[in-house]
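Undergrad: Here you go, sequence then predicted model.
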Amino acid sequence: MNIPNSLSVFRLMLIPTFVIVFFMPQSNSYLIAGFIFLLSGITDFLDGYIARKFGLITDLGKVLDPLADKLTQFTVFYCLWMKNIIPLWAVCIYIVKEVVMLVGGTSIYNKNKIVVASKWYGKVATALFYAGVMVVLLFDLSADIKRYIIFGALAATVFAFLMYIITYFKLITTKNKSQKT
């Protein structure tokens, strides 16, 4: 197990820690949960950076990193819903997007051997999600402002999702054209 994979495992271990702290009755539980979430984001950045910089990309890492990302994001959305910070439909949009991305990506790979690498819009959406959650957890804001911040991050996620769909179709079209010639 190399350092990037160890960081991904560490992020997976931070998920239950985040949940426990988030739901603690202490007045500073959101603050502590925010720092746990920040630590998760930093280790997410570091595992990718180290893996690319030092050629430590592994098949295990290709599974662990996105698994840690998605489980972390789902957990945070779920916790925010449980505390009535965001509505259930926001969680559902996120879940549907992730399921469609997983099924679509797997199907395209199995059928066409095409892997869509992460793009700038996906990275921006993830950064906005992390920033939005950090603001919601660390600052004493009204419930409406917290919702608007998370909705903004969710809108960026939906935009990225639509852009990935367009990218998938362009790749498939290009591959099909090249096979016909």
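TA: Great, that's in hand. Model, not experiment: these values are computed from the prediction.
Undergrad: these two touch, right, residue 46 and residue 7?
TA: Yes - judged on C-beta atoms under 8 Å, residue 46 makes contact with residue 7 at a distance of 5.8 Å. For every residue, glycine as well, the C-beta is placed using N, CA and C.
Undergrad: These two: which has the busier surroundings?
TA: More crowded of residue 46 and residue 7, by other C-beta atoms under 10 Å: residue 7, with 25 against 15.
Undergrad: Tell me the secondary structure at that one.
TA: Secondary structure, DSSP: H, G, I helix; E, B strand; the rest coil: residue 7 is helix.
Undergrad: mind checking pLDDT for it?
TA: pLDDT, residue 7: 96.
Undergrad: give me every residue that touches it.
TA: 43, 44, 46, 47, 50 (C-beta atoms under 8 Å, 6 or more residues apart in numbering).
Undergrad: Show me these that map onto strands.
TA: Among those, no member falls in strands (criterion: DSSP state E).
Undergrad: These in helices, which ones?
TA: Residues of the contacts of residue 7 located in helices (DSSP state H): 43, 44, 46, 47, 50.
Undergrad: Just to check, residue 32 is in contact with residue 23?
TA: No - in this structure residue 32 lies outside contact range of residue 23 using C-beta under 8 Å: 11.4 Å.
Undergrad: For residue 15, which non-adjacent residue is spatially closest?
TA: Distances taken as C-beta to C-beta, 6 or more residues apart in numbering place residue 75 nearest to residue 15, at 5.2 Å, with adjacent residues excluded.
Undergrad: and the one you found, what is it in contact with?
TA: Applying C-beta under 8 Å, 6+ apart, the residues contacting residue 75 are 15, 18, 19.
Undergrad: now the residue nearest to residue 3 when sequence neighbours are not counted: how far from residue 128?
TA: Spatial nearest neighbour of residue 3, excluding adjacent residues (C-beta to C-beta, 6+ apart): residue 50 at 5.6 Å. As judged by C-beta to C-beta, to the nearest Å, residue 50 and residue 128 stand 24 Å apart.
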